[in-house]
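In: coordinates only, sequence not included:
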């Protein structure tokens with residue numbers, strides 16, 4: 001349960017970091033953050049989030065920034081679904 005709480009707290013912060021690093025074109029920090037998010041999602045069993053984080057981590061930052069932005073948005077959107085499920089799990093509702 002503690003890890004669920006930590007994941008629910010940290011992931012929105014990590015999504016904000018991805019958006020910030022994208023806007024700054026700070027690719028190294030973006031890749032490191034996505035890599036960490038991939039590991040956390042895998043631990044939580046959120047396979048789709050893990051796959052999206054991996055796509056973000058390894059995306060071609062030189063040729064298709066629109067696709068990278070879409071991946072970040074997809075991750076944020078899908079996380080909301082996962083968040084709802086984790087809250088249910090945590091609260092038992």
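Out: Yes, it's here. Values in this document were obtained by computation on a predicted structure and should not be read as measured data. Numbering: from 1, shown residues only.
In: just checking, what packs against the longest helix along the chain?
Out: In the chain, assigned by DSSP state H, the helix with the most residues is helix 65-91. With contacts taken as 3 or more CB pairs under 8 Å, 6 or more residues apart in numbering; DSSP states H and E, helix 65-91 sits against helix 2-24, helix 27-44, helix 47-58. For the C-beta atoms, the positions are set from N, CA and C on the backbone; glycine is no exception.
In: wait, which of those helices is closest to residue 67?
Out: Counting by CB to CB, residue 67 lies closest to helix 47-58 out of the helices and strands packed on helix 65-91; the figure is 8.9 Å.
In: buried stuff in the closest one?
Out: By neighbour count, with 16 or more other CB atoms under 10 Å as the criterion, the buried positions of helix 47-58 are 49, 50, 52, 53, 54, 55, 56, 57.
In: and the lowest-mean-pLDDT helix or strand in the chain with helix 47-58, angle?
Out: Taking mean pLDDT, DSSP states H and E as the measure, the chain has helix 65-91 as its least confident helix or strand, at a mean of 91. Between the axes of helix 65-91 and helix 47-58, defined by axes from the mean of the first three to the mean of the last three CA atoms, to 10 degrees, the angle is 150 degrees.
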